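Student: need a structure here:
(4 chains)
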2 protein chains.
Amino acid sequence: MATRDRLIEAAQDLLDEGGPVLVTLREVGRRAGVSHNAPYKHFANKEELLAEIAARELSYLQEELGGDLAGGSAPEDALTRSVILQTARAVRFPERYRLIYGRWNSSAGLDRVAFESSTLMTSTVRHAQERGALIPGDPERIAALLRAAGRGAAELETAGHLAPDGKGKASATDLVQDLLRLLSATD
Amino acid sequence: MATRDRLIEAAQDLLDEGGPVLVTLREVGRRAGVSHNAPYKHFANKEELLAEIAARELSYLQEELGGDLAGGSAPEDALTRSVILQTARAVRFPERYRLIYGRWNSSAGLDRVAFESSTLMTSTVRHAQERGALIPGDPERIAALLRAAGRGAAELETAGHLAPDGKGKASATDLVQDLLRLLSATD
DNA sequence: ACCTGAACACCGTTCAAGT
DNA sequence: ACCTGAACACCGTTCAAGT
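Tutor: Residues are numbered from 1 along each chain as shown, chains lettered A, B, ... in the order given. Okay, here's the model as predicted:
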């Protein structure tokens, strides 16, 4: 594997273990078998390295949805699966999603994939509406509401703020399914 | 003002300006007019200082909702205002809300206020349901969905991921109002 | 009880230099 | 093109000491 990929993998592991604070370029280099300074030959700085991780995660989500649609799934089914996948990934890798939604100074790559991913989700909502599977309304707002709820529900779950009194053990994916039911036209 | 309060205020200003990375105990001490070491006489470490900020923000939200209800507002109206307030605050002070939903090692104070805040919101949902203003369903799940959507929508807005193609300029508060309409029984 | 100053280990980043 | 090692400024935290 190329040095660049090993650097990204090491950084991603550290990020998942303990957030951006644990991602030190020195430890990244150590795990990749190079000097503490080698990362600067592949990334402008620490932020650019983290941005690459965020962009890869977003690309993964987009390819899953795109592949599902290309495989012939109905848009409403592909949408449901994508929203649940997004939420489950955000619960499993919370730090990656905090990166994705953080502020970025100069990450053109991340901006592009975020735009494409959002556009694909909006058009999927529109197609589901045209088939009568979703309630009417601005597809962009419906897609944004779904992404917002998935992201927020994942944060609630990882923070332990779901079901604080022990009852009704709703998970983050349960919450987005509640929302999908509210948006469903056949319900 | 007591040193402790000046430390918290300085830390909050730095947090809002540039996130936890900009909150250095040295600069906090400088702005509060004490040494770089004085913060350790009031807080165990940097994390505890940040936890205090998060707890104060949560307390503020809870007091607003509690005061609204105590003032005689209908639960469904108080709930709507509270959800919109939460979302607007999360857009205005995103770093505080990232703290609130982050991982906490040992912040009993924050845990307590988060629990109380969540309990109050759930009971408000229940009362609104009893008055026939909200659709039926587990009030805890409905409350959680509202908090999740508000938090996620705020993240989308601050990240610039809302309305990426320039159309349909929905704000974070617009999205939670869409959700409130879906949950409304009279609609 | 509250604060200061020195010190330690660590980190992001830069620079000169190597192959 | 890719990497190394030294160096700089900075930070969280600890410790001994002061009032």
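Student: okay, helices next: where are they in chain A?
Tutor: With helices called from DSSP state H, chain A shows them at A:3-18, A:25-32, A:46-70, A:75-92, A:94-100, A:108-130, A:139-158, A:172-183.
Student: distance to B:Gly67 and mean neighbour count added to these, as CSV?
Tutor: Heads up, the C-betas are built off the backbone N, CA and C, glycines and all. Listed next are these as CSV, based on distance: least, Cβ to Cβ, whole Å; neighbours: other Cβ atoms under 10 Å in any protein chain shown:
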stretch, distance to B:Gly67, mean neighbour count
helix A:3-18, 39, 18
helix A:25-32, 48, 18
helix A:46-70, 40, 19
helix A:75-92, 33, 20
helix A:94-100, 32, 23
helix A:108-130, 38, 19
helix A:139-158, 24, 26
helix A:172-183, 28, 21
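Student: go through those and name the closest to DNA strand D.
Tutor: Closest approach to DNA strand D among those (Cβ to the nearest atom of the strand): helix A:3-18, 3.4 Å.
Student: so is the closest one next to DNA strand D?
Tutor: Yes - Helix A:3-18 reaches DNA strand D (Cβ under 7 Å from any atom of the strand) through A:Thr3.
Student: what packs against that helix?
Tutor: helix A:25-32, helix A:46-70, helix A:94-100 (3 or more Cβ pairs under 8 Å, 6 or more residues apart in numbering or on different chains; DSSP states H and E).
Student: what residues does chain A have near DNA strand D?
Tutor: A:3, A:29, A:34-38, A:40-42.
Student: filter those to the buried ones?
Tutor: Burial by neighbour count, 16 or more other Cβ atoms under 10 Å in any protein chain shown: within those this picks out A:29, A:34, A:38, A:42.
Student: residues contacting the second one?
Tutor: Taking Cβ atoms under 8 Å, 6 or more residues apart in numbering or on different chains as the contact definition, A:Val34 lies against A:3, A:7.
Student: tell me how far A:Leu175 lies from B:Glu155.
Tutor: Separation of A:Leu175 from B:Glu155 (Cβ to Cβ, to the nearest Å): 16 Å.
Student: how about A:Gly160?
Tutor: Per Cβ to Cβ, A:Gly160 is found 19 Å from B:Glu155.
Student: same check, this time on A:Ala51
Tutor: 17 Å.
Student: just A:Ala114 next, same as before
Tutor: In this view, A:Ala114 and B:Glu155 are 12 Å apart by Cβ to Cβ.
Student: centre of the chain versus the lowest-mean-pLDDT helix or strand in chain A, how much separation?
Tutor: Least confident helix or strand, chain A: helix A:108-130 with a mean of 90, by mean pLDDT, DSSP states H and E. Here the centre of mass of C-alpha atoms in helix A:108-130, compared against the chain's by Cα atoms, centre = their mean, to the nearest Å, lies 13 Å away.
Student: that one and chain B in contact?
Tutor: Yes - with Cβ under 8 Å from any Cβ of the partner chain as the criterion, chain B is reached by helix A:108-130 at A:114-115, A:118-119.
Student: now that helix against helix A:46-70, angle please.
Tutor: Angle of helix A:108-130 versus helix A:46-70, following axes from the mean of the first three to the mean of the last three Cα atoms, to 10 degrees, is 30 degrees.
Student: are there helices or strands packed against helix A:108-130, and which ones?
Tutor: If contacts are counted by 3+ Cβ pairs under 8 Å, 6+ apart, helix A:108-130 sits against helix A:46-70, helix A:75-92, helix A:139-158.
Student: up against DNA strand C, what does chain A have?
Tutor: Residues of chain A lying close to DNA strand C by Cβ under 7 Å from any atom of the strand are A:23-27, A:36-37, A:40, A:45-47.
Student: residues in contact with A:Met121?
Tutor: Per Cβ under 8 Å, 6+ apart, neighbours of A:Met121: A:65, A:79, A:82, A:143, A:146-147.
Student: fine by me, we can end here.
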